[in-house]
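>>> A structural model of the following input is requested.
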Amino acid sequence: MRICHLVPGSGGTFYCQNCLRDYALVRALRREGHDVVMLPLYLPPFRDDIDTDSKAPVFFGGINVYLQQHFAIFRRTPRWVDRMFDTPWMLKIAAARESSTNAASLGPMTLSMLEGHGGRQRKEVDRLVAWLQGHEKPDVIHISNALLLGLAPEIKRALDVPIVCTLQDEEPWVDAMPAPHKQLCWKAISGHAAHVDTFIATSAWYADRMSARMNTARERISVVYLGVETDEFVPMDLRFDPPTIGFLSRLSEAQGFGILVDAFIELKQEPALKDLRLRATGGYTTADRPFIETVRAELGRYGFEDSVDLLSDFQKADRREFLHTVSAVCIPVPHGEAFGIQLIEAMASGVPVVQPRVGAYPEIIEATGGGILYDPEKSDAMVDALRSLLQDPEHARALGKRGRAAVLKRFDIDREARDILNVYATVLKS
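The predicted model follows:
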């Protein structure tokens with residue numbers, strides 16, 4: 001089967017769940033013997049997954065998208081001008097500065113992208129479609145997320161092939177926008193859903209959410225749990241000398257890092273946990289720097305700055321080593337997530353997780369038995385849950401072993417690839 005994946009890049013400045021999901025899937029599908037073409041959008045791919053690279057150029061280069069959004073002249077420039085802004089060194093500069101703004105300020109650009117051929121990046125849409133038409137016709141086109149659905153109408157018109165779209169964490173991005181862009185973006189997503197043959201959600205919780213938000217029938221959304229390359233994560237005996245809490249995600253307020261730091265400070269003041277450490281990795285963006293400085297200042301106020309490691313390297317080998325140094329992992333995203341692939345990486349390494357009972361976290365932990373859920377509405381629940389693991393190594397190890405066994409059985413990337421191939425087969429028959 002010839003499969004074309006449209007995959008946005010993060011530039012590699014922070015731990016990007018969607019990037020890891022997409023690139024691991026491309027590799028797995030290729031191992032299954034399929035011809036997978038990856039079309040990168042916006043920015044270069046996540047650094048440690050460069051082996052998924054293809055011969056395709058970057059489409060919708062981040063600089064050109066920005067210029068076309070804000071300056072009418074760049075909507076009419078010839079390709080040779082645009083090509084200068086799509087060079088690797090220019091995109092590297094853009095990657096270093098990306099996310100210097102947040103979703104709340106990107107409403108107009110997100111809407112324009114969702115308007116597709118009617119938006120300000122029209123010539124980028126034409127360029128992508130022309131490239132697709134000039135190459136061997138794919139059997140299936142897989143769009144990475146619903147924020148790219150503005151491309152679906154033109155692709156469908158030009159190629160007339162099945163389109164599959166993954167759903168993961170579009171909701172918090174769109175809902176962070178002020179009116180009227182929030183409402184207009186949801187309207188555009190709902191309108192373009194008709195051009196998609198089927199959707200794939202990463203959890204049943206998120207499938208239900210997006211069915212309502214997109215006004216799309218629930219039966220049009222399949223659920224395929226994400227998987228990890230389990231052979232990349234080797235378990236080791238959990239370390240409790242000293243007890244160590246791990247955080248693996250973008251170091252930002254939105255990902256709950258501040259909440260975890262507060263819990264760490266409270267626990268470390270207890271005599272039984274005076275040696276407690278906190279290790280965090282996942283990178284951060286320009287916009288997160290003021291928050292990081294605030295965290296450092298708060299730790300300094302308690303004299304705990306030497307008990308916290310903020311690690312800058314988070315590529316695959318670094319994450320593997322990181323997970324061998326922690327006793328438990330906690331990423332307390334306030335409103336939860338559509339999945340949480342870092343939880344699967346932790347459990348694949350035999351590390352138990354502690355998560356709030358929100359979003360898809362209950363679904364994941366109930367499916368694995370590899371962690372503890374707590375009620376985020378209760379002020380002491382998170383601290384109590386962390387304490388219960390940090391002071392009971394045998395229980396923590398039992399949860400870690402249970403979680404790893406479940407990951408090997410249900411959350412392996414090759415299992416995910418086979419499930420998605422079944423979805424492709426279904427739409428090709430219809």
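>>> quick one: least confident helix or strand in this protein?
Least confident helix or strand of the chain, by mean pLDDT, DSSP states H and E, is helix 88-97 with a mean of 72.
>>> can you map out the helices along the stretch 201-350 of the chain?
204-213, 257-268, 289-302, 316-323, 341-348 (DSSP state H, counting those that start in this stretch).
>>> Dump those helices into JSON lines; add mean neighbour count, mean pLDDT and distance to residue 333 as well.
C-betas here are computed from N, CA, C, even on glycine. Listed next are those as JSON lines, based on neighbours: other C-beta atoms under 10 Å; pLDDT from 0 to 100; distance: least, C-beta to C-beta, whole Å:
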{"stretch": "helix 204-213", "mean neighbour count": "18", "mean pLDDT": "98", "distance to residue 333": "13"}
{"stretch": "helix 257-268", "mean neighbour count": "21", "mean pLDDT": "98", "distance to residue 333": "9"}
{"stretch": "helix 289-302", "mean neighbour count": "14", "mean pLDDT": "96", "distance to residue 333": "15"}
{"stretch": "helix 316-323", "mean neighbour count": "18", "mean pLDDT": "92", "distance to residue 333": "18"}
{"stretch": "helix 341-348", "mean neighbour count": "28", "mean pLDDT": "97", "distance to residue 333": "10"}
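>>> Out of the ones you listed, which gets nearest to residue 21?
Nearest to residue 21 among those is helix 341-348; the distance by C-beta to C-beta comes to 6.2 Å.
>>> Just give me the neighbour total for residue 214.
22 (other C-beta atoms under 10 Å).
>>> Residue 272 now?
11.
>>> Which residues are in contact with the closest residue to it other than its chain neighbours?
In space, and not counting its chain neighbours, residue 272 is closest to residue 391: 6.6 Å by C-beta to C-beta, 6 or more residues apart in numbering. Residue 391 is in contact with 243, 272, 273, counting by C-beta atoms under 8 Å, 6 or more residues apart in numbering.
>>> residue with max distance from the center of the chain?
residue 271 (37.6 Å; C-alpha atoms, centre = their mean).
>>> Which pLDDT value does the model give that residue?
As predicted, residue 271 sits at a pLDDT of 98.
>>> what ranges do the strands span in the chain?
Using DSSP state E, the strands of the chain run over 2-8, 35-41, 140-143, 163-167, 198-201, 221-223, 244-248, 277-281, 308-311, 328-329, 353-356, 371-374.
>>> List the buried residues in the second one.
Right, the one you point to is strand 35-41. Neighbour-count burial for strand 35-41 flags 36, 37, 38, 39, 40, 41 (criterion: 16 or more other C-beta atoms under 10 Å).
>>> Just send those residues back as TSV, with distance to residue 422 and pLDDT too.
As requested, these are exported to TSV (distance: C-beta to C-beta, whole Å; pLDDT from 0 to 100):
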residue	distance to residue 422	pLDDT
36	16	95
37	21	93
38	21	91
39	23	91
40	26	88
41	26	91
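>>> Tell me the one of those nearest residue 137?
residue 37 (11.1 Å).
>>> For the closest one, which non-adjacent residue is spatially closest?
Per C-beta to C-beta, 6+ apart, closest to residue 37 is residue 4, 4.9 Å.
>>> So what sits opposite the one you found in the bridge?
residue 37, residue 141 (DSSP bridges).
>>> ok, now which ones touch it?
Contacts of residue 4 by C-beta under 8 Å, 6+ apart are 36, 37, 39, 132, 138, 140, 141, 142.
>>> 10 Å instead, please
Residue 4 makes contacts with 35-39, 54, 56, 132, 135-143, 155, 159, 161, 163, as judged by C-beta atoms under 10 Å, 6 or more residues apart in numbering.
>>> Can I have the buried ones of these as a PyMOL selection?
To isolate the buried ones among these in PyMOL, judged by 16+ other C-beta under 10 Å, type:
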select buried, resi 36+37+38+39+132+138+139+140+141+142+143+155+159+161+163
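>>> ok, now how distant is residue 390 from residue 328?
Distance, residue 390 to residue 328, using C-beta to C-beta, to the nearest Å: 7 Å.
>>> same check, this time on residue 145
Plainly put, residue 145 is 30 Å away from residue 328 if you go by C-beta to C-beta.
>>> between these two, who's got more neighbours?
Taking neighbours as other C-beta under 10 Å, residue 145 and residue 328 compare with residue 328 leading, 25 against 20.
>>> Nice, that's everything, thank you.
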